[in-house]
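**Q** What follows is a predicted structure for the sequence shown.
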Amino acid sequence: TQAYRLYVLARAGKPNAAAMNRLRDAGKLPTQALWQLAAAYALSGRRDIAADLVKGLDPRIEAARSLDEDYYYYSYGSDFRDASIVLDALNALGDEARAAGLYRDIAKRMNSAVWYSTQETAFALLAALPYSRRIAGAGTSSALWSYNGSPETRVALNKPVTRVALPAGTEAGGRLSVRAEGGAPVYVRVLAEGEARAGEEVPEARGLSVLTVYKDMEGRTVDPETAPPLSDIVIETTVRNLSRRTVRNVALTQKLPSGWEIRNFRVGSEERETWDEDYGQGSGRPWWYPRRDYTYQDVRDDRVFTYLDLGPGKETVVRVFANKTYDGYFYRPGAFAEAMYDPEYRALERGAWMRSWGEASSGARNKPAVNSTLRSK
């Protein structure tokens, strides 16, 4: 928006006063634009105009998504992002009285287990870190922490954000205690991440579902483990929207076993010419002719990323063509789908180990370590 452009110029030390005045006189502005314009004025040294713009405004902007699910679609924003915009403006105004409560709200939400998009996180950090620096300078210089009754360890708090690594394999449900040495508040957040063992993933279907079947080129369902060697296989994944609202920016990831190769009909002039000669653009296309029910598709060496939108209750079938090329024991990851900017929507299939045609006939069951790196997300 124009307000954001003017804010960026002011932040860079090159304010456009004429454009700021025109926007101020243009009439009623959205609440977010008012706060960003006020920040631009404050950064330009005109705190008097900035204070007048936001006089009487509640710094806690109400969420607008409940009014219209498309409200934030083109900006990837949210009510949380907007709260960070307000805090940033209050920082520029030097209004610590109103900023304090908003900062605590933002810090509490950032300390929760809720997933936030890059847009939300970036604005929150930009707005909160200056306030954190002021708190850090208020006297707190260290804190003591212990886990499950272990001796306390002192950590220096000489930065707005200080990270402490807990021992690997720390058990969930343990007791972590933190004691601040000083008068300023200290906010603590515990982060843990990991990856499920191959074949032990927990299937998910939160607002979305994925279902993968394997077929031969005639459309018959096949077992990927016992399919003939060097045969072409169609990996057919159905992505379905289980909700009553449109879900946009869905990313589907289809990974292949490391012994398979993708057949990309978009690459190679000979294949394209054969494709067009055999099937043309008429009604005689085979059942597996690629569909275009997606926004974009990225074909890599061992996986395919497909991006799409899904209406309420709608589904899309995405087909990937592969060749069962190499002999061995491989891991076959399950399909994974998620709404890139909404953590409420995700789906995951469990993967499985599979023997390729040579070992399937011999009955070998040893898993080569080289293939264990291909694991589902």
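**A** Perfect, I can see it now.
**Q** what about the helices in the stretch 51-200 of the chain?
**A** For the stretch 51-200 of the chain, applying DSSP state H, counting those that start in this stretch gives helices covering 79-93, 96-110, 118-136.
**Q** Tell me the strands beside the helix or strand encompassing residue 233, with direction?
**A** Here residue 233 sits within strand 232-241, counting by DSSP states H and E. According to DSSP bridges, strand 232-241 forms sheet pairs with strand 208-215 (antiparallel), strand 315-324 (antiparallel).
**Q** now the end-to-end length of stretch 39-56.
**A** Taking CA to CA, to the nearest Å, stretch 39-56 runs 16 Å from one end to the other.
**Q** show me where pLDDT drops low in the stretch 251-377 of the chain?
**A** In the prediction, the stretch 251-377 of the chain carries residues with pLDDT under 70 at positions 268-285, 290-291, 357-377.
**Q** Kindly recompute the last result at 80.
**A** When residues are selected by pLDDT under 80, those of the stretch 251-377 of the chain lie in 265-292, 356-377.
**Q** One more: the stretch 51-200 of the chain?
**A** Scanning the stretch 51-200 of the chain for pLDDT under 80 picks out the ranges 58-77, 113, 131-141, 158-160, 167-174, 182-187, 189, 191-194.
**Q** thinking again about what came up before, with residue 252 as the reference, name the closest of the strands paired with strand 232-241.
**A** Among those, strand 315-324 comes nearest to residue 252, with 5.9 Å by CB to CB. Backbone N, C-alpha and C define where each C-beta goes, glycine included.
**Q** how about the closest one: buried residues?
**A** For strand 315-324, burial by neighbour count (16 or more other CB atoms under 10 Å) applies to 316, 318-324.
**Q** And the furthest pair within these?
**A** Checking the buried residues of strand 315-324 with CB to CB, the most distant pair is 316 and 324, at 25.3 Å.
**Q** Including distance to residue 254, could the strands paired with strand 232-241 go into TSV?
**A** Putting the strands paired with strand 232-241 into TSV (distance: least, CB to CB, whole Å) gives the following:
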stretch	distance to residue 254
strand 208-215	8
strand 315-324	5
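**Q** Show me how this structure divides into domains.
**A** By the assignment in automatic domain parsing, the chain contains the domains 2-136, 142-181, 204-373.
**Q** gap between the two ends of the shortest one?
**A** For domain 142-181, the separation between the terminal residues is 6 Å (CA to CA).
**Q** buried ones in it?
**A** Across domain 142-181, burial judged by 16+ other CB under 10 Å covers 143, 145, 157, 160, 180.
**Q** Could you dump those into TSV and include distance to residue 246?
**A** Shown next, in TSV, are those (distance: CB to CB, whole Å):
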residue	distance to residue 246
143	46
145	45
157	45
160	39
180	46
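**Q** Can you tell me the SS state at residue 9?
**A** Secondary structure, DSSP: H, G, I helix; E, B strand; the rest coil: residue 9 is helix.
**Q** and residue 187, what does it touch?
**A** 107, 111 (CB atoms under 8 Å, 6 or more residues apart in numbering).
**Q** Tell me how far it lies from residue 128.
**A** Using CB to CB, to the nearest Å, residue 187 is found at 10 Å from residue 128.
**Q** Can you tell me the closest non-neighbouring residue to residue 208?
**A** Take residue 208 and drop its neighbours on the chain: the residue closest to it by CB to CB, 6 or more residues apart in numbering is residue 347, 4.1 Å away.
**Q** Sticking with that neighbour, tell me its helix or strand.
**A** Using DSSP H and E, residue 347 falls in strand 346-348.
**Q** Show residues contacting that strand.
**A** Under the contact criterion CB under 8 Å, 6+ apart, strand 346-348 has outside partners 201-210, 239, 334-339, 376-377.
**Q** related to what we said a few turns ago, let me have the buried residues of strand 315-324 in a markdown table, adding distance to residue 265 as columns.
**A** Converted to a markdown table, the buried residues of strand 315-324 look like this (distance: CB to CB, whole Å):
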| residue | distance to residue 265 |
| --- | --- |
| 316 | 19 |
| 318 | 14 |
| 319 | 11 |
| 320 | 11 |
| 321 | 7 |
| 322 | 12 |
| 323 | 12 |
| 324 | 17 |
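**Q** quick check, nearest of these to residue 119?
**A** residue 316 (25.7 Å).
**Q** Just the element for residue 250, please.
**A** Per DSSP H and E: residue 250 is located in strand 247-255.
**Q** Can you give me the buried ones in the helix or strand just after that strand?
**A** Using DSSP H and E, the helix or strand that directly follows strand 247-255 along the chain is strand 260-262. By 16+ other CB under 10 Å, the buried positions in strand 260-262 come out as 260, 262.
**Q** strand partners of strand 260-262, parallel vs antiparallel please.
**A** Strands adjacent to strand 260-262 in the sheet, as given by DSSP bridges, are strand 315-324 (antiparallel).
**Q** can you give me the mean pLDDT across the strand or helix carrying residue 18?
**A** In this structure, residue 18 sits in helix 17-25 according to DSSP H and E. For helix 17-25, the mean per-residue pLDDT is 95.
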